[in-house]
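Undergrad: Build the 3D model from these lines:
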Amino acid sequence: MTYVVTDNCIRCKYTDCVEVCPVDCFYEGENFLVIHPDECIDCGVCEPECPAGAIKPDTEPGLDMWLKLNADFSTKWPNITVKREPMPEAKEMDGVEGKYEQYFSPEPGQGD
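TA: You can find the predicted model right below:
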């Protein structure tokens, strides 16, 4: 099992989760974070740290797309291990529906 980052992270990109991750398995895109499923040790400490509730265990139904997206982009984006300020629009974007279709960017973030 692993944890996955889902659509509510898009254009929020809170990084509270990366600060607590004991194995540094988060990777940063331009407006989204992902978890490398082969590096995640299933400890679960990241899930309650996400203010947007965007981190879920992959055992929840309907997360196949997100597991694939996390796996794919974690090999393309840079590793992030330090907490940074969320995106300026984070509060307004929290809970917005259809974020993947409207706002997801495949571009990498800055990483550490």
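Undergrad: Under the pLDDT cut-off, which ranges of this protein? List them.
TA: Counting by pLDDT under 70, the chain contains no low-confidence residues.
Undergrad: residue boundaries of the strands in it?
TA: Remark: strands assigned in the chain by DSSP state E are 3-5, 26-28, 33-35, 55-57.
Undergrad: Okay, helices next: where are they in this structure?
TA: Listed in chain order, the helices of the chain (DSSP state H) span 16-20, 64-73, 90-93, 99-103.
Undergrad: Geometric centre of this structure: which residue is closest?
TA: residue 33 (3.2 Å; Cα atoms, centre = their mean).
Undergrad: Can you read off the backbone torsions of residue 61?
TA: Dihedral pair for residue 61: phi -70, psi 150, per degrees, to the nearest 10.
Undergrad: give me every residue that touches it.
TA: For residue 61, the contact set (Cβ atoms under 8 Å, 6 or more residues apart in numbering) is empty. (Glycine included, C-beta is placed from N, CA and C.)
Undergrad: Okay, it and residue 67: tell me how far apart.
TA: Separation of residue 61 from residue 67 (Cβ to Cβ, to the nearest Å): 12 Å.
Undergrad: How about residue 79?
TA: From residue 79 over to residue 67 (counting by Cβ to Cβ), the distance is 19 Å.
Undergrad: Also residue 59?
TA: With the distance defined as Cβ to Cβ, residue 59 ends up 10 Å from residue 67.
Undergrad: out of these two, which sits in the busier spot?
TA: Higher neighbour count among residue 59 and residue 67: residue 67, with 17 against 10, using other Cβ atoms under 10 Å.
Undergrad: okay, now the closest residue in space to residue 34 that isn't next to it in sequence: neighbour count?
TA: Once flanking residues are discounted, residue 34 sits nearest to residue 70: 4.2 Å by Cβ to Cβ, 6 or more residues apart in numbering. As a burial measure, residue 70 scores 26 neighbours (other Cβ under 10 Å).
Undergrad: In this structure residue 70 contacts residue 32, no?
TA: No - using Cβ atoms under 8 Å as the test, residue 70 is too far from residue 32 to be in contact (9.8 Å).
Undergrad: Please name the residues that touch residue 50.
TA: Counting by Cβ under 8 Å, 6+ apart, residue 50 makes contact with 9, 14, 16-17.
Undergrad: Sounds good, over and out.
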